[in-house]
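In: Give me the fold of what follows.
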Amino acid sequence: MNNIDSIKHTRGESVFIDDFNVPEGTLHAAVFYSPVAHGHIKNLDISEAGKMAGVKGIYTYKDIPGKNQIGGIIEDENLLAENIVEFIGHPIALVLADDWLTAREAVKKIKVDIEEQIPILDPRTAFEKNSLIMPPRIFSCGDTDSIWSKCDVIAEGRVDSGGQEHLYLETQGAVAVPLEGDCIKIYSATQNPSAVQRTAAAVLNVPQNKIECDVLRLGGAFGGKEDQATAWAVLAALAATKLKRPVKLVLLRHDDMIVTGKRHPYSSDFKIGLDKEGKIIAYEVTFYQDAGASADLSPAILDRTLFHAANSYYIPNVKATAYSCKTNLTPNTAFRGFGGPQGMFVIESAIYKAAEKMGIEPSVIQEKNLLRENNEFPYGQKAENSNAERCWNEAVRKFDLNSERKKVEEFNSENKIYKKGFALMPICFGISFTNTPMNRAGALVHIYTDGSIGVSTGAVEMGQGVNMKLRQVAASLFSVGIDKVKTETTNTSRVANTSPTAASSGADLNGKATEIACKNILERLTKTAADILGIENSGSIKFKDEKIYVNGKPSDLNWKNFIIEANTRRVNLSSYAYYATPEIHFDRITNKGKPFAYHVYGTALLEVTLDCIRGNYKINSVKAVHDFGKSMNPVIDRGQAEGAIMQGLGWMTIEEVLHNEKGRLITDTLSTYKVPDIHFTPEELEVVFLENSENPQGIFNSKAIGEPPFMYGIGAYFALLNAMKSFKKDLKYKFDAPMTPEKVLMTMYG
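Out: Numbering: from 1, shown residues only. From the prediction side, this is the model:
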């Protein structure tokens, strides 16, 4: 079960957008973007740039034949700025030249006169100025108006969480090639080929069938290419249409960091009420989401925050209010967890504050309030097959929580300069797009006459191993060697109207569609085998290890010669299939329903050691019991869990996105933006598979893996707080992530 993509990556054989052998005559594009965060364009001078040798064209919004609009959920984002710029990085003009260097030099010669305005750079400021992307969203259950008088303990506070740079290895890019009949083929580094097709068609004012989008693979994405890859693909297509020549547009790392959106920063207020035993009675929270200059995917991300506002806990009375605030920063976008982590960080902070007020450990409150079977979420869905308590209990047992507690206490009593801290982090994450119509997928499966198999779906391979899982589905159902199955590029001409590969649902949705297609073919093949063998009961026919069995005994037919004979008999060896997740629904007026096919659960125990003089720290261990369902591929799933944990740790601790007072990104290079590396990695990173967990809603009883483990990283923040409090008993702190070493020092000695 080797993952072919991993082998190719290791050998350097994998091809990405910048590796494509582009057609002869390909032009290179570069983007001129706004140098200021907010202002009116008074004059744009492209004359000097246009005179440069090798420059073939410069285009602005005036050259767009269709809609100058790329907003997906809300149409509020221009492809190219018209009269107003709303963030540093807002594209204004597109330069085309014979080579990349000439295009870059020409961009430097473009002059723009902008009348600057004072930018809004904070979501709370935006809220005060009524600068909102959309009306507020409210999820509620029970009665939070009158219940507070019944609470023995009430804690209130503010929580801030920062942005996060995706830092995918492959930057944004696309190649657009004009075809006959005014058609365009776009090779795009996107998680969402159908969005590229749909948006390009609207911008170019052509039918969608004239636009073909093809994706081989991505060099990482993490959500950053779900929506934000579209602009660059459409710009390349615009230029290719204008000049009737192929166009390549690939961003430099520095530009990519400046002009693309990050994880949404949030500022939030909470109020939590408990009884004297630690049961949570009521919870109110208000989220102020920094959407940036336009909606992008912010409305959907805000929804996901609300869906996960209570994390893994049953709370009978909840009111969660969320505002998407429009600022003059780059439009923020999808990132692993899709708003869920921001919501979970707040409830964990509320529990931490309440535990401090009650003089108990947060784990006492966490354990008492874990979801049980048929508990109702604030959005109306009931917890089915809840493994919240199972994961918690197994983590406590497996990792010997009592021993861990004693070890930390002994270490702290013996050391003055170094202090240890630990924390538990339970998670619950719903699997499905929260926009119900998006929970669909198609698959096209061919068996060729030599017995080899091709699988086309809407899934985009971006390092998460989805192609391998799809190959496993086909190989398993036909009972052939994995080497006989090939996953094709993701192409809008083969599988149309697809949802993005996102929401941890790529394997589930596309795997289910592949399963249906394979079973359609298998049904035909079974009847054909019965005919060939003269068997009346086709139910006695089984395919196993590339042979055909009758009543459990091998026949003379093997896979290869059987497929040849089936083709001779004009049996259809192809099938297109469609899958839509059943039983899910959500009413956006009442904000109630069953939005998720199922939930993923888990619990992690994290330990840190803090240097209390310098503020440096080491994350010693992250040990998690995670609910994988029945894992299809434990190697891939473990790798995804470990990668997600590392990314979550980075968001909570060292990854800090900073802007200056004019809205310019300060952390715009790898020398100023710090991400986890080998030295940051915990000494012990252990992911234990929860036993005896199956999931009929997932492909082959598996559970989605991409996003849920990210949330374990939140525990590192509270482990650090505990270490700091061991050093300074009367510590005055704010819930403000990431907890960088600088913030540690400022908190302990400020």
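In: alpha carbons only for contacts and neighbour counts from here, please
Out: OK.
In: From residue 336, how far off is residue 640?
Out: Note on residue 640: its distance to residue 336, by C-alpha to C-alpha, to the nearest Å, is 12 Å.
In: Residue 245 in helix, strand or coil?
Out: coil (DSSP: H, G, I helix; E, B strand; the rest coil).
In: residues in contact with it?
Out: The neighbourhood of residue 245, defined by C-alpha atoms under 8 Å, 6 or more residues apart in numbering, consists of 25, 26, 27, 177, 178.
In: so where does the fourth one fall, helix or strand?
Out: If you go by DSSP states H and E, residue 177 is part of strand 173-179.
In: for that strand, packing partners?
Out: In terms of contacts (3 or more C-alpha pairs under 8 Å, 6 or more residues apart in numbering; DSSP states H and E), strand 173-179 is packed against strand 183-188, helix 230-243, strand 247-250.
In: Output the worst-scoring helix or strand of the chain on mean pLDDT as PDB, nothing but the C-alphas.
Out: The least trusted helix or strand in the chain, going by mean pLDDT, DSSP states H and E, turns out to be helix 4-11, with a mean of 87. Extracted in PDB, the C-alpha atoms of helix 4-11 (Å, rounded to 0.1, in the frame of the first residue of the first chain):
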ATOM      1  CA  ILE A   4       2.900   6.600  -5.100                       C
ATOM      2  CA  ASP A   5       2.800  10.400  -4.600                       C
ATOM      3  CA  SER A   6       5.100  10.200  -1.600                       C
ATOM      4  CA  ILE A   7       7.600   8.100  -3.600                       C
ATOM      5  CA  LYS A   8       7.500  10.600  -6.500                       C
ATOM      6  CA  HIS A   9       7.900  13.500  -4.000                       C
ATOM      7  CA  THR A  10      11.000  11.900  -2.400                       C
ATOM      8  CA  ARG A  11      12.600  11.300  -5.800                       C
END
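In: and it, how far from the chain's centre?
Out: Chain-centre distance of helix 4-11: 23 Å, with C-alpha atoms, centre = their mean, to the nearest Å.
In: Mind listing what's buried along that helix?
Out: residue 5 (16 or more other C-alpha atoms under 10 Å).
In: do the same with stretch 134-147
Out: Result for stretch 134-147 [16+ other C-alpha under 10 Å]: buried residues 137, 138, 139, 140, 141, 144.
In: Distance to residue 93 for the residues you listed - can I get that in CSV?
Out: Below are the buried residues of stretch 134-147 laid out as CSV (distance: C-alpha to C-alpha, whole Å):
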residue, distance to residue 93
137, 36
138, 40
139, 42
140, 46
141, 49
144, 51
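In: Which elements pack onto the longest helix anywhere in the chain?
Out: When the chain is parsed with DSSP state H, its longest helix is helix 506-533. Applying 3+ C-alpha pairs under 8 Å, 6+ apart, one finds that helix 506-533 contacts strand 440-447, strand 453-457, helix 466-478, strand 541-544, helix 559-568, strand 574-580.
In: Please list the outside residues in contact with the last one.
Out: Residues from elsewhere that reach strand 574-580, judged by C-alpha under 8 Å, 6+ apart: 439-447, 509-510, 512-514, 516-518, 520-521.
In: hang on, the earlier thing: just the angle between the least confident helix or strand of the chain and helix 466-478, please?
Out: Counting by axes from the mean of the first three to the mean of the last three C-alpha atoms, to 10 degrees, helix 4-11 lies at 140 degrees to helix 466-478.
In: helices and strands around the very next helix or strand once past helix 4-11, which ones?
Out: Note on helix 4-11: by DSSP H and E, the next helix or strand toward the C-terminus is strand 27-33. Using 3+ C-alpha pairs under 8 Å, 6+ apart, the elements in contact with strand 27-33 are strand 91-97, helix 100-109, strand 247-250.
In: what's next to strand 27-33, contact-wise?
Out: Contacts for strand 27-33 (C-alpha under 8 Å, 6+ apart): 88-100, 103-104, 107-108, 110, 236, 245-251.
In: Buried only: go through the residues you listed for me.
Out: Applying a neighbour-count criterion of 16+ other C-alpha under 10 Å, the buried members of the contacts of strand 27-33 are 88-98, 100, 103-104, 107, 110, 236, 245-251.
In: I'd like to know which of the buried residues of stretch 134-147 is nearest to residue 54.
Out: Of all the buried residues of stretch 134-147, residue 54 sits closest to residue 137, with 51.5 Å by C-alpha to C-alpha.
In: pLDDT value on that closest one, please?
Out: In this model, residue 137 is scored at 98, pLDDT.
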